[in-house]
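K.L.:
everything below, folded, please.
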Amino acid sequence: QVQLIESGGGLVQVGGSLRLSCLASGDMFSAYTMGWFRQAPGKEREVVAHITPRGLSADYAASVKGRFTISRDNAKNTVYLQMNNLKVEDTALYYCAASPVPTSEEANYFGWGQGTQVTVSS
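P.N.:
Numbers count the residues shown, from 1 in each chain. Just a heads-up that it's a prediction; the model follows:
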């Protein structure tokens with residue numbers, strides 16, 4: 001199992017940037033695909049991006065492609081989400097989670113943390 005702690009959220013203006021971090025416990029981090037998800041008020045949780053165990057491949061939701069970058073540092077047991085050119089519609093609670101397979105399907109993910117809030121103001 002893995003326990004995950006997200007950080008780095010905050011309040012930012014439209015067009016600004018934030019970098020989220022997700023620190024994992026345990027020694028299996030480098031074996032898992034890691035994903036970032038978000039949930040806006042009144043909406044279902046959705047996948048934002050995921051990255052394969054060695055960081056060789058990543059995939060993004062269409063709404064964030066070209067603005068967000070997912071990366072990982074296996075030596076630090078950490079996955080990051082660099083978010084640039086933020087929009088009001090990016091406002092949400094952001095979560096990271098782990099998966100034993102490379103997928104964007106939420107049902108495969110586990111180890112959900114408490115999330116970190118991102119609020120983008122106009």
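K.L.:
run through the bridge partners of the residue positioned nearest the centre of the chain.
P.N.:
When the chain is reduced to its mean C-alpha position, the nearest residue by CA atoms, centre = their mean turns out to be residue 36, at 2.3 Å. Beta-bridge partners of residue 36, counted by DSSP bridges, are residue 49, residue 96.
K.L.:
spit out the contact partners of it.
P.N.:
Taking CB atoms under 8 Å, 6 or more residues apart in numbering as the definition of contact, the neighbours of residue 36 are 20, 22, 47-50, 70, 79, 81, 94-96. For every residue, glycine as well, the C-beta is placed using N, CA and C.
K.L.:
so how far is residue 122 from it?
P.N.:
23 Å (CB to CB, to the nearest Å).
K.L.:
and what of residue 34?
P.N.:
Summarising the geometry, the distance separating residue 34 from residue 122, computed by CB to CB, is 31 Å.
K.L.:
one more: residue 89?
P.N.:
Applying CB to CB, the value for residue 89 to residue 122 is 11 Å.
K.L.:
now swap in residue 12 and tell me
P.N.:
From residue 12 over to residue 122 the distance is 11 Å, taken as CB to CB.
K.L.:
out of those two, which sits in the busier spot?
P.N.:
More neighbours sit around residue 12 than around the other of residue 12 and residue 122, counting by other CB atoms under 10 Å; the figures are 17 against 7.
K.L.:
contacts only, for the more buried one.
P.N.:
Counting by CB under 8 Å, 6+ apart, residue 12 has contacts 18, 86, 118-121.
K.L.:
quickly list what it is bridged to.
P.N.:
When assigned by DSSP bridges, residue 12 has beta-bridge partners residue 120.
K.L.:
how far away is it from residue 94?
P.N.:
Relative to residue 94, and taking CB to CB, residue 12 is found at 13 Å.
K.L.:
identify the contacts common to those two.
P.N.:
Residues touching both residue 12 and residue 94 comprise residue 118, with contact defined as CB under 8 Å, 6+ apart.
K.L.:
the helix or strand encompassing residue 70 packs against which elements?
P.N.:
Secondary-structure assignment from DSSP states H and E places residue 70 in strand 68-73. Contacts defined by 3 or more CB pairs under 8 Å, 6 or more residues apart in numbering; DSSP states H and E place strand 68-73 against strand 33-39, strand 46-51, strand 58-60, strand 78-83.
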